[in-house]
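In: The following block contains a protein sequence and its predicted model.
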Amino acid sequence: MSPLYWVVLGIMLVVAEMLTTGFFIVFFGMSAFVVALLTRVLGIPFAWQWALFTVLSVVFLVTMRRLFKRVFTGDAKEGDDMDDDFVGKNATVVEAILPDRAGRVEFRGCTWEAEAGEEVPAGTRVRIRSKQNITLGVERV
């Protein structure tokens, strides 16, 4: 098989990877590129090209997937929670909070809707105890 066919196959596989979320097709594409290069340089026979493609695909998949996946997805651990950036931190009430009506607090330069279960006047420092969507649950410090 001509090296050009392997290059075309490699491009098709890389493009297919871009259209999916599984992150494994790219390794078959990489294998196709390596087979194209080796076929061009060494003139590998047709049957050996497929054998080499199969072996390289497995090797790339097993050895590189974990590394590349970590690079592209980061080191976020399961259970990392956006609430951790809010809960336990202090904020300032900018619009009074009433027991039956949410007010607003300022936290890190942005204002957030906040509930307290008690009356909290504007200007009071509060501690964030929970976050439900875009509403913060707060308590006096």
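Out: Now that the structure is in, tell me what you want to look at.

In: Give me the buried positions along stretch 44-58.
Out: By 16 or more other C-beta atoms under 10 Å, the buried positions in stretch 44-58 come out as 44, 49, 52, 53, 56, 57. No exception for glycine: its C-beta is placed from N, CA and C like everyone else's.

In: Low-confidence regions, the chain specifically.
Out: Residues of the chain meeting the criterion pLDDT under 70: 69-84.

In: top helix in it by residue count?
Out: Criterion DSSP state H: the longest helix present in the chain is helix 46-73.

In: Give me the helices and strands touching the longest strand seen in the chain, please.
Out: Looking across the chain with DSSP state E, the single longest strand is strand 125-132. With contacts defined as 3 or more C-beta pairs under 8 Å, 6 or more residues apart in numbering; DSSP states H and E, strand 125-132 has these neighbours: strand 90-95, strand 103-107, strand 135-140.

In: Packed most tightly, which of those strands would that be?
Out: Neighbour counts (mean count of other C-beta atoms under 10 Å) averaged over each of those peak at strand 103-107, with a mean of 20.

In: Partner strands of that strand and their direction?
Out: Strand pairing for strand 103-107, using DSSP bridges, gives strand 90-95 (antiparallel), strand 110-115 (antiparallel).
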